[in-house]
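1. I need the structure of the sequence given here:
(4 chains, ligands or ions: 2)
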Amino acid sequence: MMTAQDVGLTEEEAVYVRELVGREPSDLEWGLFGVLWSEHCSYKSSRTRLRWLPKEGAAVVAGPGGNAGVVRLDDAVEVAFKVESHNHPSFVEPVQGAATGVGGIIRDVVAMGARPIALMDSLRFGSRSTAIREGVVRGIGDYGNAIGVPTVGGEVFYGPGYAKNPLVNVLCVGLRRPGREIGAGGARPGEDVYLIGQATGRDGIHGASLLASRDFSQADQDLRPTVQVGDPYTGKLLMEATLAALATGRVSALQDLGAAGLASASSELAVRSGVGLALDLDHVPCREARMTAYEIMLSETQERMLLVLDAVHGEEALAAIRSWGLVPKKIGTTTADGQYVLTLQGKRVAVLEAQWLVDGCPLKPAPAPRVAPPPVGTGSPPEPVSPQALVAMLADPDLRSREPIYRRYDSMIQTRTVWGPEHEVAVLRLKESPGGLAISVAGPGRWAAVDAYSGGAGAVALAVARLAVQAVQPLGLTDGLNAGNPDQPETLTAFSQMILGIRDAALALGVPVTGGNVSFHNETDAVAIWPTPIIGAVGRHPRPDRPWADVVTQAGMRIVLINPPTRPELGGSVWERRAGRLTAYPRVGLDRLRRTVGWLRQALLNDALGIEAVRAVAEGGLWLTLVKLLGLGGPGGAGIAVTLADEMLAERLLNEVVGQFVLTVDENHWPEVMAELSALQIDSSVLGRTVAEDGLGLTVGSGSEAFTWHWARGELLAAWSAWEGA
Amino acid sequence: MMGNKVAVVTFPGSNCDHDTVWALEQLDAEVVVVRHDARDLPACERVVLPGGFSYGDYLRAGALAAHAPIMDAVGRAVEREAVSVLGICNGFQILCERGILPGALWSNTSGEFVCRWEWVEVASPPAGWPEFSTGMRFRLPVAHGQGAFRVQEDGLAQIWAQGGPFLRYVDPTTSRSTGYSPNGSVDGIAGISRGRVIGLMPHPERAMHSVFGSVDGRRFLRMWLGGP
Amino acid sequence: MTRYAMRMAVTLKSEVLDPAGQATQAVVNERGFDAVGELRIGKLVDFSVQAGDPAEALEVARRLGREFLANPVLERFEVWMDQGRRTGHDGE
Amino acid sequence: MTRYAMRMAVTLKSEVLDPAGQATQAVVNERGFDAVGELRIGKLVDFSVQAGDPAEALEVARRLGREFLANPVLERFEVWMDQGRRTGHDGE
Ligand SMILES: Nc1ncnc2c1ncn2[C@@H]1O[C@H](COP(=O)(O)OP(=O)(O)O)[C@@H](O)[C@H]1O
Ligand SMILES: [Mg+2]
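-> Ligands and ions are numbered 1, 2, ... in the order given. Have a look, this model is predicted:
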């Protein structure tokens, strides 16, 4: 006999289940409640809080609730996008955990009827977890490269809490034509339910659903399910077969199989469509002999899709599926009686209402949002800045070149990638529309470590700022929220604060959140991660064939800093962490940022203003921004000479407050630019100019006190790219 | 100049097929897509085996696709010298696995997939393509995990005896093609030819526009199609 | 007809360089296994063949090795009956 | 000290999906080898161990399997002395 505890339910939840069902549930039924009411599937700790996020926006076609959010790019193209985490599986088995994470988010996008065109991954590791990192990078490459979706960017950061709780959050972006809506909600009674893809094995039973819904410790080793193995080849066939089936117009409803496998997919489909469901489990193709109903329903075998086909013309869709070498299996029918009935060998093994499984779990109430007063954003006293320390900082794990990672990803397949992973924003040219697509992802974990609110707001601000340097207005955001054990009050409070920060920034910047993912229990042996918000943003690029430069190209331009710091705000910065401290990341001036990005978006398009290169200041502060502006990727077009005041040098050079932008502007047009900025009350200061002499020169102070440091390009490049990935 | 009807073959798991068709169409080739399970080639002068991960590249890259029914047809057409064949990346691997081209493409020495821009140089123009002259260079991306060209000792001697390999990688630091490769290829070989069959690891179809980093793929494919 | 369990070793020809094996050996030596040498990595393929007798099964297996499982340019294979292993169809 | 030739089979646990084996078998069956079933692909590692006696060599080899060559989450390994194979140091 199965007990409520065996399947991860609390006493109260078990009592409530008995009340709903009106009898003692069978083992199988307990199992279904267990997985569907797990944190991972029910969002019981987060759903009430996610409601705080703004969902409305002019471009939103599908908000949260489906498999991915969808926004309208223009009359020809809609963009489906979402971030998904695969943290726990990547700790248990880095290669396969990360690979199946990529496969899973690709299926989510396909389940919206969109063709996946780009991936970005956001990774967090302990600084010494080399084996995990190398495994994760291999897994992402193995799957993305083989299925043929380019990885066009991402981010990697390190922190002690991630050593045994690596984070693997993957963002997938797909395209579909307007009018091609599909989802789990279109089934009508009397239609046929088909399962396609990989045969079901005993893979990952309780994996995402239960393991990811509790902390991980050595004691859980036995609970380790059979690890799911990614099969990008079958994934590719499944993706093509599904898209081909959709193109026939004969698919009524579609749902991918992810966490909690068939149990989750089928019950969700029934609820969304408002139909009953009768599944005959004998017809589910199994990889192993004698699988029980429990195993069949809870298996997390990858590369599977559930389709409901038009009762009359379904054959057309089936033919399309078969042409890709897959064998569709009819496993049941939709019914009018609202019941969710599972049959095995002629016996009804579960008779429930799908509603109970999907929406029945009691949610944890969320207290009314209350924002703690902002902490004083001073950070801490800086270390003295020296030229050696600045160069050494370029090799910091959080700042150094990511080339040893991203060169293992195919970033160019599908021939849309204009700007790939070597840039801080991805720019894609579309074959489907004259407009382009810009994608950014942001979420430095340090920023939310002490003050989750400012970290959440900072992540949104940075994702938006990174689009703004390409004159792109975000159409929607997706958020990956990663945290520790939600039963710990501090964790849940920080989680709430993180959401409030995201909400406030999204509202201030006028961007809706169209979907996302929550990953709790990133906690092993009582060590939890920093709350980690990861924000993805997409928008329409106005001229993808000619992105604005992010490096200097010629001498004689003015270098300008927009929104220079007015207070000492080193909190949460790499510089501070290198000095052995970590204080709160400052609250980003959202109103200031809104005005600045609004101005940037039109100023860049105005050729008469002569803005040449532009970069958003982020991790590593102004210092790293200037180094990257020099263009370490290739031979330089020019050198940089800037001057900073002597007092508060560290704060000026190394704070990481989002909202600062570095611009190079044609000398002759500077007065016009300045006039526009002051009309909008946007602060700016001239830092210096681009010069013929290669390298980076920094003059500190003025007059007779002034001194100049100069670094050759090669010296900076050597420090920044010393890491060879091992 | 020959006619420009090009058959692009797709295998389950091919994923550069769309890019290849798109590239060829920009050069005004008449493209027809042929499935792996077709028994015959359509009437055409040229065949392209595109890149990707046919059959997941399981077992060995290209090994399973080499046995697809369409490869019987390609093999027959090659024997009759009825078509020109271009294998790009996975297509090159399939041609070697099939024995249509000599040698084998093995895991990169690094053990890792590599995606980056490389320069390649014509070491020996394929017979029948005077457009490709010795020393000509192209900047093209590579993206592969199994791109190390390997061959038995006598095989290498043979390749050189017959004039040398078609393409070799150019060392980005010395700007010479003296054995450098991003993957551990013997003699830095990036592509070879035999008769009217050409195989290469880099992806010309990804270098069709300066906005993607280079137009050398356009140049390359135009020459292969017999244009100037 | 009987189902015979077969096992095939696909290895690089001895004169062919094995960079993967070399890299693994270097790591292994570095981590304290200094007695380990000559490490080479190949493939092991397990499968079953339905045949009238062992000789026929071996014949099929050899053909499989020649035509599919080994690349003749660089690899060689050996195949043998794997008496210890039960195939999925025995006793089920 | 003697140099012992060892051979290790690293195979996926039977309940773990083997995409490579699955795809290979499908193609092999389609191309006329319909008698072939249950095909699974593993790794084969050949190496030598310098040790005082066979038992010691086996002990080192097993430790190598546990710590390096097999991934315990997905794989199992068997190791045996490979008497037939000569190691590079014999008579060369
Ligand atoms: N952090 C979040 N912000 C906004 N929406 C979210 C968030 N987390 C989850 N959602 C939404 O909840 C729904 C269920 O999410 P999830 O269970 O992760 O989907 P799936 O099972 O397809 O991976 C999705 O529509 C998702 O967009
Ligand atoms: Mg989903």
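
2. contact distance from chain D - what residues of chain B qualify?
-> B:55-56, B:58-59, B:64, B:67 (CB under 8 Å from any CB of the partner chain). In this view, the C-beta of every residue, glycine as well, is placed from N, C-alpha and C.

3. again, but for chain A
-> By CB under 8 Å from any CB, the residues of chain A that approach chain D are A:92-93, A:96, A:198, A:201-203, A:224, A:226-231, A:233-234, A:287-288, A:301.

4. can I get the buried part of the residues you listed as one PyMOL selection?
-> Of the residues of chain A next to chain D, the buried ones can be selected in PyMOL as follows, counting by 16 or more other CB atoms under 10 Å in any protein chain shown:
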select buried, chain A and resi 92+93+96+198+201+202+203+226+227+228+229+230+231+233+234+287+288+301
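
5. now, the residues of chain A next to chain D that are in helices?
-> Counting by DSSP state H, those place A:92, A:96, A:233-234 in helices.

6. lowest pLDDT pick from the residues you listed?
-> Among these, residue A:92 has the lowest pLDDT, at 92.

7. for that one, give its distance to residue A:627.
-> From residue A:92 across to residue A:627, the span is 38 Å (CB to CB, to the nearest Å).

8. next: residue A:38.
-> Taking CB to CB, one finds residue A:38 at 46 Å from residue A:627.

9. counting by contacts, list what the longest helix anywhere in chain A packs against.
-> Longest helix in chain A by number of residues, with DSSP H as the criterion: helix A:489-509. Here helix A:489-509 touches helix A:47-50, helix A:446-449, helix A:452-468, strand A:474-482, strand A:532-541, helix A:590-605, going by 3 or more CB pairs under 8 Å, 6 or more residues apart in numbering or on different chains; DSSP states H and E.

10. again, only using 10 Å
-> Packed against helix A:489-509 by the contact rule (3 or more CB pairs under 10 Å, 6 or more residues apart in numbering or on different chains; DSSP states H and E) you find helix A:47-50, helix A:446-449, helix A:452-468, strand A:474-482, strand A:513-519, strand A:527-528, strand A:532-541, helix A:590-605.

11. what does the first one contact?
-> Applying CB atoms under 10 Å, 6 or more residues apart in numbering or on different chains, the contact partners of helix A:47-50 are A:43, A:64, A:359, A:361, A:363-367, A:369, A:479, A:481, A:486, A:492, A:495-496, A:498-500, A:502-503, A:513, A:516, A:518.

12. mind checking how far stretch B:209-222 is from the chain centre?
-> Relative to its chain's centre, stretch B:209-222 lies at 16 Å (CA atoms, centre = their mean, to the nearest Å).

13. span of it from start to end?
-> 13 Å (CA to CA, to the nearest Å).

14. next one: stretch B:57-66
-> End-to-end for stretch B:57-66, by CA to CA: 11 Å.

15. show me where chain C dips below the pLDDT cut-off.
-> Counting by pLDDT under 70, chain C shows low-confidence ranges at C:84-92.

16. go again with 80.
-> C:83-92 (pLDDT under 80).

17. top strand in it by residue count?
-> Assignment by DSSP state E gives strand C:36-51 as the longest strand of chain C.

18. for the following helix or strand past that one, list the C-alpha coordinates in PDB.
-> Moving toward the C-terminus from strand C:36-51, the next helix or strand (DSSP states H and E) is helix C:54-64. The C-alpha trace of helix C:54-64 is given here as PDB (Å, rounded to 0.1, in the frame of the first residue of the first chain):
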ATOM      1  CA  PRO C  54      25.700 -20.700 -33.800                       C
ATOM      2  CA  ALA C  55      27.700 -20.700 -37.000                       C
ATOM      3  CA  GLU C  56      25.000 -19.000 -38.900                       C
ATOM      4  CA  ALA C  57      24.600 -16.400 -36.100                       C
ATOM      5  CA  LEU C  58      28.400 -15.700 -36.200                       C
ATOM      6  CA  GLU C  59      28.300 -15.300 -39.900                       C
ATOM      7  CA  VAL C  60      25.500 -12.700 -39.700                       C
ATOM      8  CA  ALA C  61      27.400 -10.900 -36.900                       C
ATOM      9  CA  ARG C  62      30.600 -10.800 -39.000                       C
ATOM     10  CA  ARG C  63      28.700  -9.400 -41.900                       C
ATOM     11  CA  LEU C  64      27.200  -6.800 -39.600                       C
END
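
19. for helix C:54-64, which residues meet the burial criterion?
-> C:56-58, C:60-61, C:64.

20. how about low-confidence regions in the stretch 551-700 of chain A?
-> Using pLDDT under 80, the stretch 551-700 of chain A drops low at A:633-637.
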